[in-house]
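In: Structure of the sequence below:
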Amino acid sequence: MENPIEHQDICKLYETDSYKKANEYLNLGWLLISTHLYDYGHPVEKHQNTIYCLGWPKSFGEPKLPE
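Out: Prediction:
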């Protein structure tokens, strides 16, 4: 079993509300740290977005970014 990455080993974070953008980062080796919901809009008719938080571990070298 591999050793898990600890949060203190993460050197760069990226946050997005786009699942397509999150998948681009995941395909480059970024790790999914967390997801959470973000409410916006009128209090009666709220809208929600999922926010994806991704991290790049120091041990992976320089962070890779999508083109």
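
In: Listing partners with orientation, what would you give for the helix-or-strand element of the chain with minimal mean pLDDT?
Out: Lowest mean confidence among the helices and strands of the chain (mean pLDDT, DSSP states H and E): strand 31-41, at a mean of 92. When pairing is defined by DSSP bridges, strand 31-41 lines up against strand 46-57 (antiparallel).

In: where are the low-confidence patches of this structure?
Out: 1-3 (pLDDT under 70).

In: make it 80
Out: 1-7, 42-43 (pLDDT under 80).

In: Tell me who's in contact with the residue lying farthest from the centre of it.
Out: Farthest-out residue of the chain from its mean C-alpha position, per Cα atoms, centre = their mean: Val44, at 29.2 Å. Contact analysis of Val44 by Cβ atoms under 8 Å, 6 or more residues apart in numbering lists nothing. Just so you know, the C-beta spots here come from the backbone N, C-alpha and C atoms, and that holds for glycine as well.

In: what's around Gly29, how many residues?
Out: 12 (other Cβ atoms under 10 Å).

In: Make sure it is indeed in a helix.
Out: No: counting by DSSP: H, G, I helix; E, B strand; the rest coil, Gly29 falls outside a helix, being coil.

In: Now stretch 49-57: buried residues?
Out: Residues of stretch 49-57 classed as buried: 52-57 (neighbour count, 16 or more other Cβ atoms under 10 Å).
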